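Asks: could you look at this predicted model? Sequence included:
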Amino acid sequence: TLRDGLGPLFNAAACDQCHSRRGRRARPGDGEPLPNALVVQLSQHRPDGGWAPHAAYGTTFNPLAVAGVPAEGRVIVHWRPEQGRHADGENWRRQAPDYEFQALSHGPLGPAAAFSVRGAAALDGVGALARIPAAVVLARADAGDRDGDGISGRPNWIVEDGERRLGRFGWKANHPDLESQIAAALINEQGITTSRRPESGCAPPQKRCQAAPNGGEPEMADDDLAALVAFVAGLTPPAPVAGHDPAGDGAALFRALGCAACHRPTLEWRERGQPVRLAPYTDLLLHDLGEGLADHRPDQDAGGREWRTAPLWGLGRADRAGLPACYLHDCRARTLEEAILWHGGEAAASRDAFSALSGPRRRALLDFLEGL
């Protein structure tokens, strides 16, 4: 009964089909369809300059559907090789994704459409991130780069029910709390309504989708939603790999290259009079990461080149467990080196400084990251 109401359109039939294995997902090969853990979010440019859900496909492209309802289609990825050379002469390679929409059930997307591929994130420690006081996050904001360090992180402000709240979850920090993030995933990726997101997941032209039976209004009861939120909030933060040295050469390079300006190693505050210290390696703020990673799709206050700083804790645990290597919001990076090389915008100086290092020093930094 907990799955009653799935669909009519969906990407996966259960949360852990995407949010498993520490957020690592198998990277699709060239010419293969996106797996269900890589979701395509959609929007459409309005004549007045604003943005709206896509007229024919809504806010999420759903490749699966219940019987009697046409799925929206499939998305194929084609990998385009790119290469360059580090300062010491060692070659580097990476792959850029190109996407092809096929078998569209309600016509082409059209020239006004914008889309963004987003991967299911690791959930370890998100409850701890939810507890960080907004003042701690905002203390690091520097939208106008007043200190002149080239880093201008800023918050994504979310307005819900007339209340302005700090966004902290999602690839663009477009959800203020875990319930918001989870309720959005339920309706967008599973087609399950909640009291927080009671709207239909069927776009207006999709008549068969609209006519399909539902699982009640809402389809997930409030106590079940609360239980799901409590479970996710209780997932403990990941610990570093045994033997990880937070003060070694790799950590020193992490700071010297400017990586720690966004991937803040520690966040500290007091809770009920007691000191609290987390090591998530994020500031939870938006940063311009350049044209290479841009999706040109605004999300609340976030611009098309901006992304929330991804927490780095748990990187090493996933690597040591032999889980698939798949980094960045759309899974394009096969290695941590590739992920670094994709950084642009505010992170371009750090990327270039990494590429200017000798091979052994680059390896020291990567070893540090693999130990987190």
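Replies: Noted; the coordinates are in hand. Predicted model, so just to flag it, every value in this text is computed and none were measured. Residues are numbered from 1 along each chain as shown.

Asks: the stretch 251-372 of the chain: helices as residue ranges?
Replies: With DSSP state H, counting those that start in this stretch, the ranges of helices along the stretch 251-372 of the chain come out as 315-320, 336-341, 348-356, 359-370.

Asks: adding mean neighbour count and distance to S43, write these out as CSV.
Replies: Every C-beta, even on glycine, is put in place using the N, C-alpha and C of the backbone. Output for the helices of the stretch 251-372 of the chain, formatted as CSV (neighbours: other CB atoms under 10 Å; distance: least, CB to CB, whole Å):
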stretch, mean neighbour count, distance to S43
helix 315-320, 19, 31
helix 336-341, 20, 26
helix 348-356, 18, 27
helix 359-370, 17, 33
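
Asks: now those as TSV including distance to E72 and mean pLDDT?
Replies: Shown next, in TSV, are these (distance: least, CB to CB, whole Å; pLDDT from 0 to 100):
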stretch	distance to E72	mean pLDDT
helix 315-320	31	79
helix 336-341	30	97
helix 348-356	36	98
helix 359-370	37	96
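
Asks: of all these, which one is nearest R46?
Replies: Nearest of those to R46, taken as CB to CB: helix 348-356 at 32.0 Å.

Asks: chain center to the closest one, what's the gap?
Replies: For helix 348-356, the gap between its own C-alpha mean and the chain's C-alpha mean amounts to 23 Å (CA atoms, centre = their mean, to the nearest Å).

Asks: if we can go back for a sec, next, format the helices of the stretch 251-372 of the chain as CSV and append distance to G201.
Replies: Shown next, in CSV, are those (distance: least, CB to CB, whole Å):
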stretch, distance to G201
helix 315-320, 31
helix 336-341, 32
helix 348-356, 39
helix 359-370, 38
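
Asks: quick one: which of the ones you listed is nearest G248?
Replies: helix 359-370 (6.8 Å).

Asks: so the closest one versus helix 348-356, what angle?
Replies: Helix 359-370 and helix 348-356 are oriented at 120 degrees to each other (axes from the mean of the first three to the mean of the last three CA atoms, to 10 degrees).

Asks: what packs against helix 359-370?
Replies: helix 249-256, helix 315-320, helix 336-341 (3 or more CB pairs under 8 Å, 6 or more residues apart in numbering; DSSP states H and E).

Asks: contact partners of it?
Replies: If you take CB atoms under 8 Å, 6 or more residues apart in numbering as the criterion, helix 359-370 is touched by 86, 88, 90, 241, 244-245, 248-251, 253-254, 257, 312, 315-316, 319, 336-337, 354, 357.

Asks: would you mind listing which of the residues you listed are buried?
Replies: 86, 244, 250-251, 253-254, 257, 312, 315-316, 319, 336-337, 354, 357 (16 or more other CB atoms under 10 Å).

Asks: which one of the helices and strands packed on helix 359-370 lies nearest to C18?
Replies: Nearest to C18 among the helices and strands packed on helix 359-370 is helix 315-320 (15.1 Å), distances taken as CB to CB.
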